[in-house]
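J.: here is my input; please provide its structure:
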Amino acid sequence: MIQSPLEMRHLQTLVALADTGSLSRAAERVFVTQSALSHQLKLLEGHYGSPLFERGTKPLRFTQAGARLLALARQVRELTAEAEREVAQWVGGGGGQLRVAVECHTCFDWLMPAMDAFREHWPQVELDLVSGFQAEPISLVETGAADFAVVHDRPAPRAGVATAPLFTYETVAILSRKHPLAQKPWLSPQDFAGETLISYPVEDDMLDVVRHFLAPAGVKPKRRNAELTVAILQLVASGRGIAALPAWSVQAYLERGYVVAKPLGESGLRCELYAAMPESLAEKPYLQDFVAKIREGA
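T.: Have a look, this model is predicted:
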């Protein structure tokens, strides 16, 4: 029997590639350089005699061989996590506290299912949400008022705080079906110049569309605020302006034809969410499993 070259790190790399859609982000997730990750993949491709993914595609697409190994990687990850979770509970009792703070209004769409799945596996961990929208959730981690914070983009290093990438997502422009821009295949920053941007009541630098798309181009549209996603969509549908939201948060409305979505830029706008936690808790099995649950559900 030919010995397989597959190791756990290879399987983790395949899952990271699938979750992030790019070599650079996958390398960051598994804590290796991009060149080291590319070397791993080339060794596997040499062994199996087939490429594992199609080069030059965005997002990355797996070949048939790559998809099969990815399926294996997900199965092994699930079985490994289950075994390690049980061992941790046997040894340490599985108790603890996990207070979660978030800085994004739409995060609850995926966070609540992740919390429900987590509770099933860690019933002895006291899991709570820090109430309300938090503009600076990492500060709560620093002061001990929260154990886990969800933030946009990679945070700057802070003493005593560990970070981990969660997942990437696409922010899309949301328009009325009758809006003239709805006929375009994608929107440029200049398309926003004469429009009203309808958004949550937060500072400009907390909005993906401003921080990563409009501000670099020097475009500053008028703004109108609304507290709830459904209110933003209602204003957009009635022609009061345009919005930019994570694709996951508007999928049901797009399927019903209530509004339409367009990519931001020809290649779309990919954004990232990160977790921040106290370094003293970062290696706790229940916290690592919580991160895994979020990634699985994204």
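J.: surely Val102 meets Leu140?
T.: No: when contacts are counted by CB atoms under 8 Å, Val102 is not listed as touching Leu140 (10.5 Å). The C-beta positions use only the backbone N, C-alpha and C, and glycine is treated the same way.
J.: could you pull out the helices in the stretch 1-150 of the chain for me?
T.: 8-20, 23-29, 34-48, 64-92, 108-121, 137-143 (DSSP state H, counting those that start in this stretch).
J.: next, format the ones you listed as a markdown table and append mean pLDDT.
T.: Shown next, in a markdown table, are the helices of the stretch 1-150 of the chain (pLDDT from 0 to 100):
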| stretch | mean pLDDT |
| --- | --- |
| helix 8-20 | 92 |
| helix 23-29 | 89 |
| helix 34-48 | 93 |
| helix 64-92 | 85 |
| helix 108-121 | 91 |
| helix 137-143 | 91 |
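J.: kindly reformat the ones you listed as JSON lines and extend each row with mean neighbour count and distance to Ser238.
T.: Shown next, in JSON lines, are these (neighbours: other CB atoms under 10 Å; distance: least, CB to CB, whole Å):
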{"stretch": "helix 8-20", "mean neighbour count": "20", "distance to Ser238": "37"}
{"stretch": "helix 23-29", "mean neighbour count": "19", "distance to Ser238": "37"}
{"stretch": "helix 34-48", "mean neighbour count": "15", "distance to Ser238": "46"}
{"stretch": "helix 64-92", "mean neighbour count": "14", "distance to Ser238": "43"}
{"stretch": "helix 108-121", "mean neighbour count": "16", "distance to Ser238": "23"}
{"stretch": "helix 137-143", "mean neighbour count": "19", "distance to Ser238": "33"}
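J.: out of those, which is closest to Ser188?
T.: Nearest to Ser188, of all the helices of the stretch 1-150 of the chain, is helix 23-29, at 24.5 Å by CB to CB.
J.: how far out from the middle of the chain is the closest one?
T.: Centroid separation between helix 23-29 and its chain, computed with CA atoms, centre = their mean, to the nearest Å, is 13 Å.
J.: which other helices and strands contact that helix?
T.: helix 8-20, helix 34-48, strand 161-175 (3 or more CB pairs under 8 Å, 6 or more residues apart in numbering; DSSP states H and E).
J.: residue contacts, Met220?
T.: In this structure residue 220 is Lys, not Met. Taking CB atoms under 8 Å, 6 or more residues apart in numbering, we find Lys220 in contact with Leu214.
J.: low-confidence stretches in the protein?
T.: 1-2, 90, 92-94, 132-135 (pLDDT under 70).
J.: so which residue is dead centre in it?
T.: Phe167 (2.7 Å; CA atoms, centre = their mean).
J.: gap between that one and Leu60?
T.: As for Phe167, its distance to Leu60 is 14 Å (criterion: CB to CB, to the nearest Å).
J.: likewise for Ile174?
T.: Distance from Ile174 to Leu60, counting by CB to CB: 26 Å.
J.: please apply the same query to Thr163.
T.: Distance, Thr163 to Leu60, using CB to CB: 23 Å.
J.: for the helices and strands packed on helix 23-29, which one sits closest to Leu254?
T.: Closest to Leu254 of the helices and strands packed on helix 23-29 is strand 161-175 (CB to CB; 8.5 Å).
J.: contacting residues for the closest residue to Ile138 other than its chain neighbours?
T.: Spatially, and ignoring its direct neighbours in sequence, Ile138 is nearest to Ala276 (4.8 Å; CB to CB, 6 or more residues apart in numbering). Ala276 makes contact with Pro137, Ile138, Val141, Phe148, Ala149, Val151, Pro155, Arg158, Val161, Ala162, Thr163 under the criterion CB under 8 Å, 6+ apart.
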